[in-house]
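Colleague: Provided below for reference: sequence and predicted model.
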Amino acid sequence: MQRRSFPITALALALFAGSAFAQTKWDLPAAYAATNFHSENLIQFAKDVDTATAGKLKITVHANASLFKANEIKRAVQGGQAQIGEVLLVNFENENPIYGTDGIPFLATSYADSKRLYDAQKPVLDKLLGAQGMKLLFAVAWPSQGIFAKKEINSVADLRGIKWRAYSPATAKIAELIGAQPVTIQAAELSQALATGVVESYMSSGSTGYDTKTYESLKYFYDTQAWLPKNAVIVNKKAFEALDPATQAALTKTAAEAEARGWKVSAEKDGFYKKALGEKGMKVVTPSAKLMEDMRQVGSIMLADWQKKAGPDGEAIIAAYAKSAPAAAKAGKK
């Protein structure tokens with residue numbers, strides 16, 4: 001009886017099918033424009049993951065809220081509709097105060113302080129996300145937050161009754177404390193809201209102001225440097241654990257590189273965006289002493305309120321943050 005040999009073409013097809021089956025594809029929804037530095041960092045991160053895993057893990061970035069709206073992304077990752085996603089942490093403060101740690105005005109006003117606050121927050125944040133079936137991959141700060149306004153403002157009194165964009169619980173709280181009218185508007189809808197007069201003022205970074213062409217509708221940016229909120233890239237824990245150990249390690253390493261790159265670019269962009277806003281005709285203003293005094297008072301009220309809500313976890317974060325302060329800063333507070 002003649003033995004039949006297995007055709008080489010069939011063997012090649014079988015091997016190809018096996019390699020194709022090993023490839024994993026993930027969707028990464030993000031809320032900001034593809035040209036925003038956060039989105040650009042995500043796109044680079046996806047390319048680096050592809051290279052580091054030799055094509056075994058492919059991540060597609062869906063920018064500008066094209067797959068899920070900003071406030072839907074966390075739930076999508078948690079529920080497995082998307083394997084990975086980028087969220088603005090402060091958006092979820094109502095769910096748990098820990099998410100709002102970096103939205104407290106004047107708690108951390110520089111990149112160095114914001115990084116220390118992140119380091120203090122991270123263990124608690126890891127635990128919180130883990131309990132919800134997710135894992136933190138990395139986080140990147142936005143440039144410092146200032147006040148965009150259609151008119152000159154010299155104190156909080158000048159903001160009373162103004163239509164104020166609220167994109168998070170913290171910015172809604174600020175509206176309440178200063179007597180403004182809060183209007184909930186996410187970044188993808190901001191340009192239209194400004195053009196139609198739905199929004200007359202808001203607090204955000206120069207980055208958001210530039211990306212949304214705020215200079216076409218509002219003429220003033222008060223550089224209060226009030227806080228630096230963070231975007232976090234989170235992954236569904238089951239999706240992460242389904243990866244082989246080598247792919248997990250490559251993903252984690254690439255995430256650390258993306259975090260370092262993102263913070264560096266954010267700091268560089270802070271000055272760039274303010275300069276660019278000025279070139280577009282916006283007046284970039286150093287706030288008056290009275291406006292800063294008023295806003296710092298708002299920050300003190302919000303910190304006390306946050307600490308009550310955050311409980312022992314909040315106390316641990318603030319204690320760790322205070323402990324990590326440079327010696328000169330500690331001496332200055334004595």
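Modeller: Great, that's in hand. Numbers count the residues shown, from 1 in each chain.
Colleague: need the contact list for the spatially most central residue of the chain.
Modeller: When C-alpha atoms, centre = their mean is applied to the chain, the residue found nearest the centroid is Asn231 (1.6 Å). Going by C-beta atoms under 8 Å, 6 or more residues apart in numbering, Asn231 touches His38, Glu86, Val87, Leu88, Leu89, Ala139, Val140, Trp142. From N, CA and C alone the C-beta is placed, and that goes for glycine too.
Colleague: for Ala325, state which of those residues is nearest.
Modeller: Ala325 lies nearest to Ala139 out of the contacts of Asn231, by C-beta to C-beta, at 20.4 Å.
Colleague: what about that closest one, which SS state?
Modeller: When classified by DSSP: H, G, I helix; E, B strand; the rest coil, Ala139 comes out as strand.
Colleague: ditto for Ala31
Modeller: The local conformation at Ala31, judged by three-state DSSP, is coil.
Colleague: make CSV out of the contacts of Asn231 and add distance to Arg165 and pLDDT.
Modeller: Listed next are the contacts of Asn231 as CSV, based on distance: C-beta to C-beta, whole Å; pLDDT from 0 to 100:
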residue, distance to Arg165, pLDDT
His38, 19, 97
Glu86, 20, 98
Val87, 18, 98
Leu88, 14, 96
Leu89, 18, 97
Ala139, 23, 98
Val140, 22, 98
Trp142, 15, 96
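Colleague: the residues you listed in helices, which ones?
Modeller: Using DSSP state H, the members of the contacts of Asn231 that fall within helices are His38.
Colleague: could you check how far the residue nearest to Ala188 when sequence neighbours are not counted is from Ala187?
Modeller: Among residues not flanking Ala188 along the chain, Ala65 sits closest, at 4.3 Å (C-beta to C-beta, 6 or more residues apart in numbering). From Ala65 across to Ala187, the span is 8 Å (C-beta to C-beta, to the nearest Å).
Colleague: cool, and Gly197?
Modeller: 18 Å.
Colleague: next, give phi and psi for the residue nearest to Ala188.
Modeller: phi 60, psi 30 (degrees, to the nearest 10).
Colleague: that one reaches Ala31, doesn't it?
Modeller: Yes - Ala65 is within contact range of Ala31, at 4.9 Å (criterion: C-beta atoms under 8 Å).
Colleague: quickly list what's touching both of these two.
Modeller: In contact with both Ala65 and Ala31: Gln186, Ala187, Ala188, using C-beta under 8 Å, 6+ apart.
Colleague: from what I see, Leu94 and Ala172 are in contact.
Modeller: Not quite, residue 94 is Asn, not Leu. No - if you go by C-beta under 8 Å, Asn94 and Ala172 don't touch, sitting 9.4 Å apart.
Colleague: which one's more surrounded, those two?
Modeller: Between Asn94 and Ala172, counting by other C-beta atoms under 10 Å, Ala172 is the more crowded of the two (19 against 12).
Colleague: how close does the residue lying closest to the more buried one once chain neighbours are set aside sit to Ser204?
Modeller: Leaving aside its chain neighbours, Ala172 sits nearest to Ala166 (3.8 Å; criterion: C-beta to C-beta, 6+ apart). For Ala166, the distance to Ser204 equals 11 Å [C-beta to C-beta].
Colleague: for Gly100, same thing?
Modeller: From Gly100 to Ser204 the distance is 16 Å (C-beta to C-beta).
Colleague: and if you look at Met302?
Modeller: Distance, Met302 to Ser204, by C-beta to C-beta: 17 Å.
Colleague: Ser144 now?
Modeller: Ser144 sits 10 Å away from Ser204, going by C-beta to C-beta.
Colleague: and what of Phe138?
Modeller: In terms of C-beta to C-beta, Phe138 sits 22 Å off from Ser204.
Colleague: off-centre distance for stretch 257-271?
Modeller: From the chain centre to the centre of stretch 257-271 is a distance of 12 Å (C-alpha atoms, centre = their mean, to the nearest Å).
Colleague: buried ones in that stretch?
Modeller: Within stretch 257-271, the residues that qualify as buried by neighbour count (16 or more other C-beta atoms under 10 Å) are Ala258, Glu259, Arg261, Gly262, Trp263, Val265, Ser266, Ala267, Lys269, Asp270.
Colleague: same question for stretch 74-85.
Modeller: Those would be Lys74, Arg75, Ala76, Val77, Gln78, Gln81, Ala82, Gln83, Ile84, Gly85, for stretch 74-85 by 16+ other C-beta under 10 Å.
Colleague: how about TSV for the residues you listed, with distance to Pro287, secondary structure and pLDDT added?
Modeller: As requested, the buried residues of stretch 74-85 are arranged in TSV below (distance: C-beta to C-beta, whole Å; DSSP: H, G, I helix; E, B strand; the rest coil; pLDDT from 0 to 100):
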residue	distance to Pro287	secondary structure	pLDDT
Lys74	33	helix	98
Arg75	37	helix	98
Ala76	38	helix	98
Val77	37	helix	98
Gln78	39	helix	98
Gln81	42	coil	98
Ala82	39	coil	98
Gln83	43	coil	98
Ile84	38	strand	98
Gly85	35	strand	98
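Colleague: and the strands in the chain?
Modeller: Assigned by DSSP state E, the strands in the chain fall at 24-29, 57-62, 84-88, 134-141, 145-149, 163-166, 181-184, 201-205, 220-222, 230-236, 283-285.
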